[in-house]
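> What would the 3D arrangement of this be:
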Amino acid sequence: MGCSSWRTLETEGRETSPIFFNSMTSENRVAEIEEQRRRIIGIKSRRVTFLAIMTVMIFVVMGYSFTVGSSSLTAIDAYKILFDQIFPGTFESDFPSQEVYDNYVFIVTELRAPRVLVAALVGAIFAIGGCITQSILKNPLATPYTLGVSSGACVGASLYYIMGISIVGGTLGLMFNAFIFALLPVVAMMFAITRRTVSSVMLVLSGVAFSYIFSSMNSVMQYFGDDSAVANVVFWTIGDLSRTDLWMGPMLFVGLIVYMAF
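Purely as a prediction, here's the structure:
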């Protein structure tokens, strides 16, 4: 056999040996790991970029909402008033009179700024609540509407406004009614979660059933209710920011810490 034939056999034997295959598998494995790592880094970077853009958009919308209103206060004057509250006396002389300045200060500090802040806090609370709900049920379709939570709260409000039924009086009674009836489907689902035979899809479908039941109850009470009471229920369902409470800020952060701990 010639020298070239021996070299050919030697080369073929090296390429078909287990050691050669193992070395190639290790190289492919390293390349695949690096590819997966680059893919994960790309996904995380896109998420961080998206969150950064959304954060900037939130502040842009808040800044725009701060300048919108029915008064003659312009956007520039609104920011002048806001800046003047941080550094007193900076732009006070830019306004025609002290009375106009005081009226603008009241609009900015007592009406617009608290409502914008509370709207942002309420949105954050809703987002955290939705995230918790979907995480527990492991279903992206789980929302307060599909689970019957919103309909249950509306039934509690209807009982307060239309039927006059509440354990305690005043606004606390309205809050208590809405909270208790919103918890009914949640409690039922939490008991169902302890059974392994119940899937997340069945939980969401059960929530939809709760939602239809509560909606029918609410419709019946509104049909037989007084016009002013029904208007109060509808207005409560839509919601408003006329009565703002900044105590939601500390509650938001406390709830977020507790959620992250679990």
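> quick one: low-confidence ranges for the protein?
1-24, 196, 244 (pLDDT under 70).
> Can you spell out which helices and strands pack onto the biggest helix by length in it?
Scanning the chain for the longest helix, with DSSP state H as the assignment, gives helix 18-65. Judged by 3 or more C-beta pairs under 8 Å, 6 or more residues apart in numbering; DSSP states H and E, the packing partners of helix 18-65 are helix 113-137. In short, each C-beta sits where N, CA and C put it, glycine included.
> the inter-axis angle of the helix it packs on versus helix 18-65?
Between helix 113-137 and helix 18-65, the angle comes out at 150 degrees (axes from the mean of the first three to the mean of the last three C-alpha atoms, to 10 degrees).
> buried stuff in helix 113-137?
For helix 113-137, burial by neighbour count (16 or more other C-beta atoms under 10 Å) applies to Ala113, Pro114, Arg115, Val116, Leu117, Val118, Ala120, Leu121, Ala124, Thr133, Leu137.
> Report the two of the residues you listed separated the most.
Based on C-beta to C-beta, the longest span within those runs between Ala113 and Leu137 and measures 37.0 Å.
> coming back round to it: following the chain past the longest helix of the chain, name the next helix or strand.
Downstream of helix 18-65, the next assigned helix or strand under DSSP states H and E is helix 75-86.
> picking that back up, for the buried residues of helix 113-137, which one is nearest Ala31?
Among the buried residues of helix 113-137, and counting by C-beta to C-beta, the member closest to Ala31 is Leu137, at 38.9 Å.
> what's the neighbour count on the closest residue to that closest one other than its chain neighbours?
Among residues not flanking Leu137 along the chain, Ser200 sits closest, at 5.0 Å (C-beta to C-beta, 6 or more residues apart in numbering). For Ser200, the neighbour count with other C-beta atoms under 10 Å is 17.
> Ser200 contacts Asn139, doesn't it?
Yes. At 4.2 Å, Ser200 counts as touching Asn139 under the criterion of C-beta atoms under 8 Å.
> number of nearby residues for the nearest residue to Ile136 once chain neighbours are set aside?
Nearest residue to Ile136, sequence neighbours excluded (C-beta to C-beta, 6+ apart): Ile193, at 7.5 Å. As a burial measure, Ile193 scores 14 neighbours (other C-beta under 10 Å).
> Hmm, Ile193 is touching Ala142, no?
No. Contact criterion C-beta under 8 Å: Ile193 and Ala142 do not qualify, at 11.8 Å.
> okay, and the common contacts of those two?
Ile136, Leu203 (C-beta atoms under 8 Å, 6 or more residues apart in numbering).
> Mind jotting down where the helices sit in the stretch 151-262 of the chain?
Assigned by DSSP state H, counting those that start in this stretch, the helices in the stretch 151-262 of the chain fall at 170-193, 200-224, 227-238, 248-261.
> would TSV of the ones you listed with distance to Ile162 be doable?
Putting those into TSV (distance: least, C-beta to C-beta, whole Å) gives the following:
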stretch	distance to Ile162
helix 170-193	11
helix 200-224	5
helix 227-238	5
helix 248-261	28
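> Ile107 is nearest to which of those?
Across these, Ile107 has its closest neighbour in helix 248-261 (21.7 Å, C-beta to C-beta).
> Now do the closest one: which elements does it pack against?
helix 113-137.
> so Pro144 touches Ser150, yeah?
Yes. Judged on C-beta under 8 Å, Pro144 makes contact with Ser150 at a distance of 4.5 Å.
> Spit out the residues that contact those two alike.
What both Pro144 and Ser150 touch, as defined by C-beta under 8 Å, 6+ apart, is the set Ala182.
> follow-up on the earlier one: return the residues in contact with the residue nearest to Ile136.
Applying C-beta under 8 Å, 6+ apart, we find Ile193 in contact with Ile136, Leu137, Leu203.
> One more: Val233?
Val233 neighbours (C-beta under 8 Å, 6+ apart): Cys154, Ala157, Ser158, Tyr161, Ile162, Asn218, Gln222, Gly225.
> cutoff 6 Å now
Ala157, Ser158, Tyr161 (C-beta atoms under 6 Å, 6 or more residues apart in numbering).
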